[in-house]
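In: whatever this is, show me its structure:
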Amino acid sequence: MIARIRQLMRQSPLMLIGGTLVLGVALLALLAPWIAPYDPTDIDVSVILMPPSWQHWCGTDTLGRDVLSRMLYGARVSLAVGFVAVGISLVLGLILGAVAGFFGGRTDSILMRITDMVLCFPTFFLILAVIAFLEPSIWNIMIVIGLTSWMGVARLVRAEFLSLSRREFVLAAYSLGAGPVRLMWRYLLPNAMGPILVSAILGIAGAVLIESGLSFLGLGVQPPDASWGNILTDGKDNIQIAWWLSVYPGMAILTTVLGYNLLGEGLRDYFDPKLRQ
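Out: Numbers count the residues shown, from 1 in each chain. Presented below is the predicted three-dimensional model:
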């Protein structure tokens, strides 16, 4: 298994760089309770807006809270939102796309028209409209992002199933008596997992950006809980005197999104033989 991973990394430098960034951010998020120098909610009025120093490596915010500690705990929030939201969108997209691509005909037309209709709405503004009627919470954000991000997955799965369902091995399994569920689960889905996996990884990056944007606008994670987005809100209000409140969380978002995008691009190059040539 380790030799296989090394081979993949050698074949795709993008996957190596992206995987390293993603793994680094994930480890920092998982180890946050042990490596964070301070409690992210502790208020110390004696060090309000202190610039980066040996005492506070990334400075402090407008309430004297340690920015490094808040960023480490904010990484847990951002990654949790990314994984849960993408998980919800994958489940919905897989079910709708598989049914549309396998059965075709009127079923395909109805499901794809519904998908096209939802795609007509700008995703971020649709999320804003839904969040405005709900209590801001981390779980609501996860669910709303997941419920508004399944359309691309559904279209991708439909296209893969339309292509695969006419292959010889599927027709052979059908002639031997395999039912629709067995055909989709046993034969079609495993052969379509490459593009689906790439889409899921790129979707995590998008979910992190959406969560950060919602928190920046005050509609996401609510204080005193830490999020990269609400740290940036403090930075916006104090950009001229506290540059670290904008630079460090911005770099964290950039690094995370870049890591997932590079990892997704590397996997796409690996799964697509035409791109490897």
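In: how many residues are close by Gln55?
Out: Neighbourhood size, Gln55 [other C-beta atoms under 10 Å]: 12. For the C-beta atoms, the positions are set from N, CA and C on the backbone; glycine is no exception.
In: which regions of this protein sit below the pLDDT cut-off?
Out: By pLDDT under 70, the low-scoring segments of the chain are 1-11, 168-171, 173-174, 176-180, 271-277.
In: chain center to the host helix or strand of Val198: distance?
Out: Element membership for Val198, per DSSP states H and E: helix 193-216. Averaged C-alpha coordinates place helix 193-216 at 3 Å from its chain's average position (C-alpha atoms, centre = their mean, to the nearest Å).
In: now for that helix, which elements pack on it?
Out: Packed against helix 193-216 by the contact rule (3 or more C-beta pairs under 8 Å, 6 or more residues apart in numbering; DSSP states H and E) you find helix 67-103, helix 123-131, helix 138-147, helix 151-164, helix 228-237, helix 244-271.
In: tell me which of those helices sits nearest to Leu14.
Out: The closest of the helices and strands packed on helix 193-216 to Leu14 is helix 244-271. By C-beta to C-beta, the value is 3.8 Å.
In: list the buried residues in that closest one.
Out: Within helix 244-271, the residues that count as buried by 16 or more other C-beta atoms under 10 Å are 244-249, 252-253, 256-257, 259-270.
In: same check, this time on stretch 224-238
Out: Asp225, Ala226, Ser227, Trp228, Gly229, Asn230, Ile231, Leu232, Thr233, Asp234, Gly235, Asn238.
In: could you do stretch 47-66 as well?
Out: Neighbour counts over stretch 47-66 (16+ other C-beta under 10 Å) mark 47, 49-50, 52, 56, 58-61, 63-66 as buried.
In: with respect to Leu16, which of these is nearest?
Out: Closest to Leu16, out of all of those and judged by C-beta to C-beta, is Cys58, at 27.5 Å.
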